[in-house]
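J.: Here is a sequence together with a model predicted from it:
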Amino acid sequence: QKEVEQNSGPLSVPEGAIASLNCTYSDRVSQSFFWYRQYSGKSPELIMSIYSNGDKEDGRFTAQLNKASQYVSLLIRDSQPSDSATYLCAVNIHGGATNKLIFGTGTLLAVQP
Amino acid sequence: EPEVTQTPSHQVTQMGQEVILRCVPISNHLYFYWYRQILGQKVEFLVSFYNNEISEKSEIFDDQFSVERPDGSNFTLKIRSTKLEDSAMYFCASSEPAYEQYFGPGTRLTVT
């Protein structure tokens, strides 16, 4: 069974701090990794993708990937109350012609003003 | 900015009835997907569709489910005989040949 694991939280950080969200995955052949943000009652919104080991930065967001450790993380710098949401880690399982995503349960982030 | 759209936003149906959920993927995308999320649970893959055929389906996607691209813009999910446990948010997503999938706003299906 291919799994994606996340701490469900809540992760509470003060406004302006760095929020660190973590994800591990079980399938070594996974090649593509994504972070989605989901506000309550809304759909997942893609915020970051990462395909190779190392860091990838986009504005206040940095995704980090370590394939040897099967670990991917998301850092949010200068956290804002509007960042309060559930952050979903998703892994693309490549098999045949599919690009299906396997999601973790998500980590609830609460940014305190 | 192009986006995936879905209709209706909320569908209430009685057990045993057929429902059709509709999606308009982003226009230049070639891969289409349906996912569902039961309240309080994780997002689950249902089916992927490429080149007018199903490329993969999950165990959830049994004979009660079907997908269709009836024209050049719409992508539909049909549930033939709904059960109480089909109550969930259903998300359509699409992607280019690259892997980034963009989700629509979802249809909340309530089966009574």
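T.: Done, it's in.
J.: and chain B, which residues reach chain A?
T.: Residues of chain B lying close to chain A (Cβ under 8 Å from any Cβ of the partner chain) are B:31, B:33, B:35, B:41-45, B:48, B:50, B:55-56, B:58, B:89, B:91, B:95, B:99-106. Quick note: C-beta positions are derived from backbone N, CA and C, even for glycine.
J.: Of the residues you listed, select the buried ones using a ChimeraX command.
T.: Of those, the buried ones go into a single ChimeraX selection, burial set by 16 or more other Cβ atoms under 10 Å in any protein chain shown:
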select /B:31,33,35,42,43,44,45,48,50,55,56,58,89,91,95,99,100,101,102,103,104,105,106
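J.: and the residues of chain B next to chain A, which of them are in strands?
T.: B:31, B:33, B:35, B:43-45, B:48, B:50, B:55-56, B:89, B:91, B:95, B:102-103 (DSSP state E).
J.: Would you confirm that B:S58 contacts B:V47?
T.: Yes - judged on Cβ atoms under 8 Å, B:S58 makes contact with B:V47 at a distance of 7.0 Å.
J.: what's the residue closest to the geometric middle of chain B?
T.: When Cα atoms, centre = their mean is applied to chain B, the residue found nearest the centroid is B:W34 (3.4 Å).
J.: And for that residue, nearest residue in space, chain neighbours not counted?
T.: Leaving aside its sequence neighbours, B:W34 sits nearest to B:L46 (Cβ to Cβ, 6 or more residues apart in numbering or on different chains; 4.3 Å).
J.: now for the lowest-mean-pLDDT helix or strand in chain B, which elements pack on it?
T.: The helix or strand of chain B with the poorest confidence is strand B:53-57; it has a mean of 92 (mean pLDDT, DSSP states H and E). Contacting strand B:53-57 under the criterion 3 or more Cβ pairs under 8 Å, 6 or more residues apart in numbering or on different chains; DSSP states H and E are the following elements: strand B:43-50.
J.: Can you name the residues of chain A sitting close to chain B?
T.: Contacts of chain A with chain B, taken as Cβ under 8 Å from any Cβ, map to A:32, A:34, A:36, A:42-46, A:49, A:51, A:88, A:90, A:92, A:95-106.
J.: low-scoring stretches of the chain, by residue?
T.: No chain in the question, so chain A it is. Using pLDDT under 70 as the threshold, the predicted model of chain A has low-confidence ranges A:1-2, A:94-98.
J.: oops, I was thinking of chain B
T.: Along chain B, the model assigns pLDDT under 70 to residues B:98.
J.: Tell me the spacing between B:R69 and B:L46.
T.: Distance, B:R69 to B:L46, by Cβ to Cβ, to the nearest Å: 15 Å.
J.: count of neighbours near A:V13?
T.: For A:V13, the neighbour count with other Cβ atoms under 10 Å in any protein chain shown is 18.
J.: For chain B, which residue gets nearest to chain A?
T.: Closest approach of chain B to chain A (Cβ to the nearest Cβ) occurs at B:E56, with a separation of 3.6 Å.
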